[in-house]
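What follows is a predicted protein model with its sequence.
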Amino acid sequence: MATKVNKACTLKVGQIEKDPILALGMTEKDIEKYGRVAKAYGNVAPAIVGQRGSAYRILAGQARLEACAQNGIREIPVIVAEAVNEAEQMKLALLLSTVREEGGPLSEGALIDALTTQHGVTRRELMALLKKSKSWISKRQSLAVKLSEDVKGMVRDGSISARTAEEIAKLPEGAQMPFASKVVMDGLSKANAGQLVSMYTAEDAGGILRDAILSTPLAVLDAAVDSQTGRRRKEKRGPPERIANAVGFLVRLASELKGLLATADAQTLRSLASDMEMLRNSLDDLQTVLNTSTGVSPGKQSRGGGAQ
């Protein structure tokens, strides 16, 4: 990679531009993790920045930069990689993302897409740079250009793995979130998801099959017995992991629903009265199961004021 001589120095946090692409792979957990370091030891974790003229842009360490800003640290040690142009800086950010724990697949996909569509970098160049296959690069890019925003959120919070999301990205956008929800709720493996996606996108797939894949994927898989071995699919996830994934998914949906309800007008809420009643009934059923399975005292009061 063509770069000038790198140097170490200290910059004010406000001098460093954040990168919206790197923010795709950054979570609050990342910021909290570095925040604990910053509170205990100060600005000991350097970031890597690119320089063009007098401007500095973050290339690796955005979570560390944000943690320092939130904890009142005004300066941070940096390594300045004086890449010759924006494309070289993006290449470096992408390479660092693949060898470090931060950044993640969403950022990698967005960087690949920007390099190939905006800066004329070929996939062959990226293959040589990253030591990755053409398939890996294409699948990562699909996360940026084909995956719906809702499913990206599930990748970001860990509900869906990047490899499974790469399969989901092959579906039409309107089918992605319903299918991803079933992947989480039913604990489907990447192989299971890939098999179902292949069936859904087949040219001869009919509407009934596609509806079944989105509504009852386990039943579809059970019906797809291997004609040679007669073996049925194997579940890779046990009940604890499936419950944990379902809980995380429900918590995320509950947070989104709370925001939507808080901003909805009275007319909208009235038009959804039957849906709200169905939600209340489902929540009551879930609360009953939670009280039973977690050993909560039956003396807790229900909305109607009686003991549950």
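Structure's in. What do you need?

per-residue pLDDT, residue 305?
Residue 305 carries a pLDDT score of 46 in this model.

what's the answer for the one 3 residues further on, then?
Looking at residue 308, its pLDDT is 44.

do residue 224 as well
On the pLDDT scale, residue 224 is placed at 75.

Buried residues in stretch 279-291, which are they?
Across stretch 279-291, burial judged by 16 or more other C-beta atoms under 10 Å covers no residue at all. Placement of C-beta: from N, CA and C, glycine included.

Please, where are all the strands along this structure?
Secondary structure of the chain, counting by DSSP state E: strands at 7-12, 16-17, 47-52, 55-60, 75-81.

Which stretch among these approaches residue 293 most closely?
For those, proximity to residue 293 was assessed by C-beta to C-beta; strand 55-60 is nearest, at 43.5 Å.

Spell out which strands sit alongside that closest one in the sheet and which way each one runs.
strand 16-17 (parallel), strand 47-52 (antiparallel) (DSSP bridges).

What residues of the last one count as buried?
Within strand 47-52, the residues scored as buried using 16+ other C-beta under 10 Å are 47-51.

can the residues you listed go into a markdown table with extra columns for distance to residue 111 and pLDDT?
As requested, the buried residues of strand 47-52 are exported to a markdown table (distance: C-beta to C-beta, whole Å; pLDDT from 0 to 100):
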| residue | distance to residue 111 | pLDDT |
| --- | --- | --- |
| 47 | 17 | 85 |
| 48 | 14 | 86 |
| 49 | 16 | 86 |
| 50 | 13 | 82 |
| 51 | 19 | 81 |
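
Can you convert the strands of the chain into TSV and add a column each for distance to residue 135?
As requested, the strands of the chain are exported to TSV (distance: least, C-beta to C-beta, whole Å):
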stretch	distance to residue 135
strand 7-12	38
strand 16-17	33
strand 47-52	28
strand 55-60	25
strand 75-81	29
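
which one of these lies closest to residue 104?
The closest of the strands of the chain to residue 104 is strand 55-60. By C-beta to C-beta, the value is 12.1 Å.

quick one: that closest one to strand 75-81, angle?
With axes from the mean of the first three to the mean of the last three C-alpha atoms, to 10 degrees applied, the angle from strand 55-60 to strand 75-81 works out at 90 degrees.

need the helices for the stretch 101-250 of the chain, in chain order.
Assigned by DSSP state H, counting those that start in this stretch, the stretch 101-250 of the chain shows helices spanning 104-118, 123-130, 134-145, 149-156, 162-168, 173-186, 190-201, 207-215, 217-223, 239-263.

Determine the angle, from 0 to 180 degrees, between the third one and helix 149-156.
With the same axes, to 10 degrees defining the directions, helix 134-145 sits at 120 degrees from helix 149-156.

So which residues make contact with helix 134-145?
By C-beta atoms under 8 Å, 6 or more residues apart in numbering, the residues outside helix 134-145 that reach it are 105-106, 108-110, 112-113, 116, 123-124, 126-127, 130, 152, 155, 162, 165-166, 169-170.

re the thing from before, looking at the strands of the chain, spot the one closest to residue 148.
Among those, strand 55-60 comes nearest to residue 148, with 27.0 Å by C-beta to C-beta.

contacts for that closest one?
Defining contact as C-beta under 8 Å, 6+ apart, one finds that strand 55-60 is touched by 11, 15-19, 22, 47-51, 65, 78, 80-81, 89, 92-93, 96-97, 100, 102-103.
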